[in-house]
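1. Give the three-dimensional model of this entry:
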Amino acid sequence: MMKKIIFILLATIYINASGQESAVVNQQPIDSLRLKKNLGIVFGTEAVIYTGSMTGLYYLWYADYPQSKFHFYNDNAEWLQMDKAGHATTAYHVGMIGYEALRLAGWDEKHSLLYGGPLGFVFLTTVEVFDGLSDGWGFSWGDMAANALGTGLFMGQQALWHEQRISMKYSYHNTQFPQYRPDLLGSTLPERMLKDYNGQTIWLSFNIKSLFMNDESKFPSWINVALGYSGEGMTGGFYNTTNYNGQIIPEFERARQFVISPDIDLTRIPVKNKFLKSTLKVLSFIKIPMPAVMCDSQGNFSWHWLYF
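-> Numbering: from 1, shown residues only. Predicted structure coming up:
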């Protein structure tokens, strides 16, 4: 499921990058005729991306599998809930992109949040419907709850603070596990980044100044502290397999991992260059490698000089 989620995220990032050219309309009032034109462009672009993404998704991941009647599937215990964390992260970022696209078009805060914020939830609900009609998967209420959580985190902060003080991020590091199940965890680096939950970490990154200090403070506005969640020892979704293609797989103990690390909010770094600012914005969903302390569900603590 993660590869499908990232597919949607990468497709919708286009809105954010292409919208930077029209950023001037976000800073000053525009006439109703210009606003209607801008909104038409944004909604039209979103419709094209939505249709293209869903069509591509269907033919890339569903067309080769048997179809079935709509059904449900309980995958809440799968992959130590890393799949659910990925759903929340994607819903959060796609909702942010939808909101910002409408703000760049010149629409007011309230309407941009109301119509743009749920974009990730809409995209991922379509994915769940595809799952529900596919024999290999099923409609998951757990996935829907995670989608709602990510959407709510973005929209709630925007409504309360008019900014994001807590952001969701993603990072990846190589692990030993794909060699035992390359079909499931990936055989190349791009595949492993999308499929190997052992190497993925989902973060909540807290902006220190905006949460705990006043505007007059000289504390750097771009310094964050991040809490991460990951899992390790997984060679299967619900349980580990003992062999693959006749080869014995070592026994690994599945464990949850909790990480704390300093972080940088790329969107708060003061830069004047529009291209650089846009680039930092697009990259802001990635957690920058930093020193970290980890504790796992077995009670083990470890220090990492540079945690990816």
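2. alpha carbons only for contacts and neighbour counts from here, please
-> Noted.
3. average model confidence for stretch 104-114?
-> Average pLDDT, stretch 104-114: 94.
4. what distance separates the start and the end of that stretch?
-> End-to-end distance of stretch 104-114 (Cα to Cα, to the nearest Å): 15 Å.
5. List the buried residues of it.
-> By neighbour count with 16 or more other Cα atoms under 10 Å, stretch 104-114 contains the buried residues Leu104, Ala105, Gly106, Trp107, Ser112, Leu113.
6. Out of those, which is nearest to Asp296?
-> Leu113 (37.3 Å; Cα to Cα).
7. Can I get the buried residues of stretch 104-114 in JSON lines including secondary structure?
-> Formatted as JSON lines, these follow (DSSP: H, G, I helix; E, B strand; the rest coil):
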{"residue": "Leu104", "secondary structure": "helix"}
{"residue": "Ala105", "secondary structure": "coil"}
{"residue": "Gly106", "secondary structure": "coil"}
{"residue": "Trp107", "secondary structure": "coil"}
{"residue": "Ser112", "secondary structure": "helix"}
{"residue": "Leu113", "secondary structure": "helix"}
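8. Who is Gly228 paired with across the strands?
-> Note on Gly228: beta-bridge partners by DSSP bridges are Trp203, Val259.
9. Below-threshold pLDDT in the stretch 51-200 of the chain: ranges please.
-> Of all residues in the stretch 51-200 of the chain, none has pLDDT under 70.
10. any chance you could map the strands in it?
-> 166-172, 200-207 (DSSP state E, counting those that start in this stretch).
11. can you check the stretch 201-308 of the chain too?
-> Under DSSP E, counting those that start in this stretch, the stretch 201-308 of the chain gives strands at 223-232, 243-244, 247-248, 255-264, 290-296, 301-307.
12. got these as a markdown table, with distance to Val129, mean neighbour count and mean pLDDT columns?
-> A markdown table is the format used below for these (distance: least, Cα to Cα, whole Å; neighbours: other Cα atoms under 10 Å; pLDDT from 0 to 100):
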| stretch | distance to Val129 | mean neighbour count | mean pLDDT |
| --- | --- | --- | --- |
| strand 223-232 | 27 | 21 | 98 |
| strand 243-244 | 31 | 12 | 91 |
| strand 247-248 | 36 | 10 | 92 |
| strand 255-264 | 29 | 20 | 98 |
| strand 290-296 | 35 | 17 | 98 |
| strand 301-307 | 36 | 13 | 97 |
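13. Make CSV out of those strands and add distance to Tyr73.
-> Putting the strands of the stretch 201-308 of the chain into CSV (distance: least, Cα to Cα, whole Å) gives the following:
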stretch, distance to Tyr73
strand 223-232, 22
strand 243-244, 25
strand 247-248, 30
strand 255-264, 23
strand 290-296, 29
strand 301-307, 34
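14. Out of the ones you listed, which is closest to Tyr65?
-> Taking the strands of the stretch 201-308 of the chain one by one with Cα to Cα, strand 243-244 is closest: 21.7 Å.
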